[in-house]
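J.: need a 3D model of the following:
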Amino acid sequence: MVPGRLKELRIKHKKKQKDIAKMLGITRQGYGNYENGVTEPDHATLMKLADIFDTSIDYLVGRTDDPS
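T.: Predicted coordinates:
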């Protein structure tokens, strides 16, 4: 996964890490670990992130550079 994309999308949507973590039902630290590349989200979490940021899983994992 490309952790920088999560941060980029979060900032674009004017959200804080704690906001996204709450939407996912995880801790802020857990979400921060995704952004920092410490851990990777599972498939179900990737689907939620794609929905939250209105993008594709392919964009989140770096398979495409087209966010739509």
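J.: spatially central residue in the protein, please.
T.: The C-alpha lying nearest the average C-alpha coordinate of the chain belongs to L6 (Cα atoms, centre = their mean; 4.0 Å).
J.: quick one: it and G62 touch, right?
T.: No - judged on Cβ atoms under 8 Å, L6 makes no contact with G62 at a distance of 11.3 Å. Where you see a C-beta, it was placed from the backbone N, CA and C, and this is true even at glycine.
J.: overlap in contacts, those two.
T.: Shared contacts of L6 and G62 (Cβ atoms under 8 Å, 6 or more residues apart in numbering): none.
J.: returning to that earlier point: run a quick neighbour tally on the residue lying closest to the residue nearest to the centre of the chain once chain neighbours are set aside.
T.: Excluding the flanking residues, the one nearest L6 by Cβ to Cβ, 6 or more residues apart in numbering is E35, at 4.9 Å. Counted with other Cβ atoms under 10 Å, the neighbours of E35 add up to 17.
J.: list the contacts for E35?
T.: Each residue near E35 by Cβ under 8 Å, 6+ apart is listed here: 3, 6-7, 10, 17.
J.: and it, what's its pLDDT?
T.: pLDDT recorded at E35 is 95.
J.: that one and L60: what is the separation?
T.: As judged by Cβ to Cβ, to the nearest Å, E35 and L60 stand 12 Å apart.
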